[in-house]
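A.B. asks: I would like the atomic coordinates for the input below:
(chains A and B)
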Amino acid sequence: MIARMSKLEIAGPKERLLEVLDVIRELGVFQPEPEVGYFVAAERQGDIHLLIPDQGTMAERLFLENLRRMTCRIIELLPAVETRASLLDPLPLLDTIASVAERHLALCRDLDAQRTARLSEINELARCAALLGAIETLVGDLEPHGSLEFIGVTLRDSQQVERLREGLTRLTGGDFTLSTSIAADGALIGLIATPAAGSRRIRQALNEEQFPELPFPPALRDLPFPERIRLARERIAVADRELAELDLRREIFARRWLPFYRRIDQWLAERLALFSTSSVVHETGMCFVILGWAPSDATAGLARQLNGRFRGEVAVDELQLLEQDLGRVPVALRNPPYLRPFELFTRLLPLPRYSSWDPTPFIGLFFPIFFGMMLGDAGHGLVLVIVALLVMRRRRSGMLTDAARILLVSAGFAVLFGILFGEFFGEAGGHMLPITPLLPERSSAIMPLLMFSMALGVFHVLLGLLIGLITALQRHERRDAAGRIVTICLLLCLAALAASLIAPAPWLRSTPFLVAAGILIPFLFLSGGLLAPLELVKQIGNIVSYARIMAIGLSSALLANVANHLAGLSGDVVLGALAAIVLHAVAIVLGTFAPAIHALRLHFVEFFSKFVEAGGRRFEPLHK
Amino acid sequence: MEKALICFAAALAIGLCAIATGWAQSRIGAAGAGTIAERPEMTGTIIIMLAIPETMVILGFVVAAMILYK
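C.D. replies: Alright, predicted model coming up:
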């Protein structure tokens, strides 16, 4: 259901504005309206204008925004450790907090810069160590002599290694050694050992082919080879130690100060939200005025709270809701617990207008029935009931739980229709049950089920048209209402005509319905214009679309039968049971998705197009 | 011969509709995949839109059933 909304005007002394906004946000039932035109009569609009903040308010806002920038940066720079919640009230300490935060921000930046430098150094040294390790493997304990040159390169993948090898073979005629190694940071490093005479050409070619050369850090470049390895490893150990010390310092600092800064940040966010909200507040010469919407059942509570807290200084007036306001009224959906999970489907559609209908109760009523009719297997339904219960047991709230609740109800209907059709993991399973099916087998009774689906379509489409007719009458749209009445009558005539042709009976003759349809057609043109017959054909198409209930149901039944048949072909009990489990699992998955999508489609396209008017504005109250 | 023609007519009725549905779904599916990549919140709507052309194959199925079981 769409909740009834009230149009409110809250007025009070300007110095109380932030406190009033704080109470409104705490209650979370009021949505302010920035446009004054819908609330205030034209002659009063000159006296009321948007609130212009004074110099003091602006200075306070800028100060708080700057402070928040600092606290946010401090929180970002510190490690996200779990801490207790602070109960500090920052308001009396704001100046002290600002000066401390400035010092702390400088310290945090310094620690972070040091950490980044250490990390970068460790990465560079680790790559260098990997390169040196590869050289060590190549030359053993021998000191590399001057006639040999080593070139390190960073490679992307093994394909690039092959490309490099081919290029080097072409360039040096095979007078080189290429070995690869993985650095500590996961980078692939290649080491080229080549006679010094040809190294210049190789470097030039590497540069042209865009193979980045891995340089040695300047501190290591001019040292003897064994010294380089030793020094690189020593430097990595030192840098690791320094990094650990820095991390410890940061963690100690975070444990001490993070709860404090998190609390300040939360307080600042709330305070700044009040300032932002004040941009939709209006003022007169004497007081502030907040115009907006609240659910009618929450209006009395809001007025009571504001009266109680401000001892009558703040007035809450309910204004009359006019017809021209209907387009602006925000929409809040309120449904009983059974229907609430079905709002998951409603959210897939644009929100209905305030003066339209909430589609949720209709989906809640018809979706499980359509789903049950299409799946129509007691065994598959029971499996889905168990799955839904398991999900609901693991999760108490959220989108997945809502989906599980919908599945539970829908699977319940699948069990019911499974019993009616006599299907339990296929028709063969149904024959073993000690019950007599009330409905014919789906795999053989195609035409009766087709007729039944169409009859259901007639009912559903007519219900949609009827609800649309009620809406048109409520809005005094006479022409639209007349068109809908004629369409309903014509569809009834055509349905009766089809019934008289399919199942002729002495009491059901086609002639009166033909005559009635002939009489109604001119009225159809009169009420709907030249395009009215096209609309009628569209309605007939919508009704035929309900044949999918039978079609999906038939495929679902046949899939289960095929699963049983294939399992039976194996000739082995264990293998047959395994095959049956796998094939029925596939049938259940398909049998869940296809009916769900098609049942939704029948609602969204065939049913709701008759009466749901999209374009509503979501009710978004101020809240903490 | 008459039975063969009837079966052929039913096969044409559902087969051509199935091809048309498949073609329409391929276009909607490609556009839908692009939409979901940019706006994942549209997933539900896209799935529903993907099911819309199936009306054609359903209508074909109805016609085929009427040809076969008349």
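A.B. asks: can you tell me which residues contact A:Leu206?
C.D. replies: A:Ile151, A:Val153, A:Glu213 (Cβ atoms under 8 Å, 6 or more residues apart in numbering or on different chains). In short, each C-beta sits where N, CA and C put it, glycine included.
A.B. asks: if we go to 10 Å?
C.D. replies: A:Ile151, A:Val153, A:Leu164, A:Gly167, A:Leu168, A:Leu171, A:Gly190, A:Ile192, A:Pro212, A:Glu213 (Cβ atoms under 10 Å, 6 or more residues apart in numbering or on different chains).
A.B. asks: Are we agreed that it is in a helix?
C.D. replies: Yes - assessed by DSSP: H, G, I helix; E, B strand; the rest coil, A:Leu206 belongs to a helix.
A.B. asks: Which pLDDT does the model give residue 24?
C.D. replies: As the question left the chain open, I've gone with chain A. On the pLDDT scale, A:Ile24 is placed at 87.
A.B. asks: nope, chain B please
C.D. replies: 94.
A.B. asks: same deal with A:Ile581?
C.D. replies: At A:Ile581, pLDDT is 90.
A.B. asks: Near the nearest residue to A:Ala98 once chain neighbours are set aside, how many other residues are there?
C.D. replies: Using Cβ to Cβ, 6 or more residues apart in numbering or on different chains and skipping the chain neighbours, the partner closest in space to A:Ala98 is A:Leu67 (5.5 Å). For A:Leu67, the count of nearby residues is 21 (other Cβ atoms under 10 Å in any protein chain shown).
A.B. asks: wait, isn't A:Leu67 in contact with A:His104?
C.D. replies: No - with contact defined as Cβ atoms under 10 Å, A:Leu67 does not count as touching A:His104 (12.0 Å).
A.B. asks: list the residues that contact both of these two?
C.D. replies: In contact with both A:Leu67 and A:His104: A:Ile97, using Cβ under 10 Å, 6+ apart.
A.B. asks: Mind giving me the PyMOL command for buried ones among the contacts of A:Leu206?
C.D. replies: Command for PyMOL that selects the buried part of the contacts of A:Leu206, burial taken from 16 or more other Cβ atoms under 10 Å in any protein chain shown:
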select buried, chain A and resi 151+153+164+167+168+171+190+192
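A.B. asks: would you list the contacts of A:Leu206 in JSON lines and tack on distance to A:Arg230, secondary structure and pLDDT?
C.D. replies: Conversion of the contacts of A:Leu206 to JSON lines gives the following (distance: Cβ to Cβ, whole Å; DSSP: H, G, I helix; E, B strand; the rest coil; pLDDT from 0 to 100):
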{"residue": "A:Ile151", "distance to A:Arg230": "22", "secondary structure": "strand", "pLDDT": "79"}
{"residue": "A:Val153", "distance to A:Arg230": "24", "secondary structure": "strand", "pLDDT": "81"}
{"residue": "A:Leu164", "distance to A:Arg230": "29", "secondary structure": "helix", "pLDDT": "85"}
{"residue": "A:Gly167", "distance to A:Arg230": "34", "secondary structure": "helix", "pLDDT": "85"}
{"residue": "A:Leu168", "distance to A:Arg230": "30", "secondary structure": "helix", "pLDDT": "84"}
{"residue": "A:Leu171", "distance to A:Arg230": "33", "secondary structure": "helix", "pLDDT": "82"}
{"residue": "A:Gly190", "distance to A:Arg230": "23", "secondary structure": "strand", "pLDDT": "80"}
{"residue": "A:Ile192", "distance to A:Arg230": "23", "secondary structure": "strand", "pLDDT": "82"}
{"residue": "A:Pro212", "distance to A:Arg230": "26", "secondary structure": "coil", "pLDDT": "76"}
{"residue": "A:Glu213", "distance to A:Arg230": "23", "secondary structure": "strand", "pLDDT": "75"}
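A.B. asks: now, which of the contacts of A:Leu206 sits nearest A:Pro13?
C.D. replies: The nearest member of the contacts of A:Leu206 to A:Pro13, counting by Cβ to Cβ, is A:Pro212 at 68.9 Å.
A.B. asks: Would you agree the closest one is in contact with A:Leu155?
C.D. replies: Yes - the criterion here is Cβ under 10 Å, and A:Pro212 meets it with A:Leu155 at 9.1 Å.
A.B. asks: counting contacts, what elements does whichever helix or strand B:Gly34 is part of pack onto?
C.D. replies: Per DSSP states H and E, B:Gly34 falls inside helix B:2-38. Helix B:2-38 makes packing contacts with helix B:43-51, helix B:54-69 when contacts are defined by 3 or more Cβ pairs under 10 Å, 6 or more residues apart in numbering or on different chains; DSSP states H and E.
A.B. asks: Determine which of those approaches A:Gly376 most closely.
C.D. replies: Per Cβ to Cβ, nearest to A:Gly376 of the helices and strands packed on helix B:2-38: helix B:54-69, 17.3 Å.
A.B. asks: mind listing what's buried in the closest one?
C.D. replies: B:54-65, B:67-68.
A.B. asks: repeat for stretch A:337-356
C.D. replies: Buried-residue list, stretch A:337-356, by 16+ other Cβ under 10 Å: A:339, A:341-346, A:348-349, A:351-356.
A.B. asks: out of these, which touch chain B?
C.D. replies: Among the buried residues of stretch A:337-356, proximity to chain B is found for A:Leu344, A:Phe345, A:Leu348, A:Leu349 (Cβ under 10 Å from any Cβ of the partner chain).
A.B. asks: how close does the second one sit to A:Arg201?
C.D. replies: Pointing back at A:Phe345 there. Remark: distance between A:Phe345 and A:Arg201 (Cβ to Cβ, to the nearest Å) = 70 Å.
A.B. asks: Can you tell me the SS state at the nearest residue to A:Leu333 once chain neighbours are set aside?
C.D. replies: Counting by Cβ to Cβ, 6+ apart, A:Asp358 is the residue found nearest to A:Leu333 once chain neighbours are left out, at 5.5 Å. At A:Asp358 the chain is in coil, as set by three-state DSSP.
A.B. asks: you'd agree A:Asp358 is up against A:Pro352?
C.D. replies: Yes - if you go by Cβ under 10 Å, A:Asp358 and A:Pro352 touch, sitting 6.2 Å apart.
A.B. asks: what residues are shared contacts of the two?
C.D. replies: A:Ile2, A:Val331, A:Leu333, A:Thr346, A:Val612, A:Gly616.
A.B. asks: A:Cys108 reaches A:Cys72, doesn't it?
C.D. replies: No - with contact defined as Cβ under 10 Å, A:Cys108 does not reach A:Cys72; the gap is 11.6 Å.
A.B. asks: which non-adjacent residue is nearest A:Phe345?
C.D. replies: A:Ile363 (5.1 Å).
A.B. asks: quick one on the thing from earlier: save the shared contacts of A:Asp358 and A:Pro352 as CSV, and put in secondary structure and distance to A:Ser296 too.
C.D. replies: Formatted as CSV, these follow (DSSP: H, G, I helix; E, B strand; the rest coil; distance: Cβ to Cβ, whole Å):
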residue, secondary structure, distance to A:Ser296
A:Ile2, strand, 12
A:Val331, strand, 14
A:Leu333, strand, 15
A:Thr346, helix, 21
A:Val612, coil, 22
A:Gly616, coil, 17
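A.B. asks: Buried among those? Make that a PyMOL selection.
C.D. replies: Only the buried entries of the shared contacts of A:Asp358 and A:Pro352 go into this PyMOL selection, using 16+ other Cβ under 10 Å:
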select buried, chain A and resi 2+331+333+346+612+616
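A.B. asks: Can you give me the neighbour number for the residue of chain B found nearest chain A?
C.D. replies: Nearest residue of chain B to chain A, counting by Cβ to the nearest Cβ: B:Gly44, 3.9 Å away. By other Cβ under 10 Å, 16 other residues sit near B:Gly44.
A.B. asks: What distance do you get for A:Ser296 to chain B?
C.D. replies: Distance, A:Ser296 to chain B, using Cβ to the nearest Cβ, to the nearest Å: 31 Å.
A.B. asks: wait, doesn't that residue sit right on A:Ala3?
C.D. replies: Yes - counting by Cβ under 10 Å, A:Ser296 touches A:Ala3, with 7.6 Å between them.
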